[in-house]
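Undergrad: Here is my input, please return the structure:
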Amino acid sequence: MAKKVTGPQLILANRLDDGRAVFLTAAGEWSKQVADAAVANSDDELENLMSVAQAAEVANQVVSVTAVAADESGKALAPAHIKFAMQSRGPSVRADLGYQVSPNWEQ
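TA: Numbering: from 1, shown residues only. Reported below is the predicted structural model:
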């Protein structure tokens, strides 16, 4: 049986066109920056965010919508589990490539 995640959570998904990890914002948009993510601190807030995210998935904007535990203990907001933290940072084989280089590396 899977553990129920408790505490603050955020919504992570992947863009449909290029697979880029994105986070749902409070405005209902998708951002590449985890700092922009809306944080749900209750089941009701999480349910509201998930309904917006699932609607975006049905509209083929994103895939793999997932609620993940949020780590707010450091300087910046981040996914708490290493799997999702790595997914949000991009390729890990070279530190000079991927999302970790710069927030604007794609441009």
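Undergrad: For the lengthiest strand in the chain, what does the pLDDT average out to?
TA: What stands out as the longest strand in the chain, according to DSSP state E, is strand 62-71. For strand 62-71, mean pLDDT rounds to 92.
Undergrad: Mind giving me the packing neighbours of that strand?
TA: The helices and strands touching strand 62-71, judged by 3 or more Cβ pairs under 8 Å, 6 or more residues apart in numbering; DSSP states H and E, are strand 9-15, helix 43-58, strand 78-79. The way it works is simple: take the backbone N, C-alpha and C, and place the C-beta from them, glycine included.
Undergrad: In JSON lines, list these along with distance to residue 36 and mean neighbour count.
TA: Formatted as JSON lines, the helices and strands packed on strand 62-71 follow (distance: least, Cβ to Cβ, whole Å; neighbours: other Cβ atoms under 10 Å):
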{"stretch": "strand 9-15", "distance to residue 36": "10", "mean neighbour count": "22"}
{"stretch": "helix 43-58", "distance to residue 36": "13", "mean neighbour count": "15"}
{"stretch": "strand 78-79", "distance to residue 36": "13", "mean neighbour count": "22"}
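Undergrad: Output those in TSV; the columns should cover distance to residue 30 and mean pLDDT.
TA: TSV is the format used below for the helices and strands packed on strand 62-71 (distance: least, Cβ to Cβ, whole Å; pLDDT from 0 to 100):
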stretch	distance to residue 30	mean pLDDT
strand 9-15	7	93
helix 43-58	7	95
strand 78-79	15	74
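Undergrad: closest to residue 24 out of the ones you listed?
TA: Closest of the helices and strands packed on strand 62-71 to residue 24 is strand 9-15, at 3.8 Å (criterion: Cβ to Cβ).
Undergrad: That's all I had, so thanks and see you.
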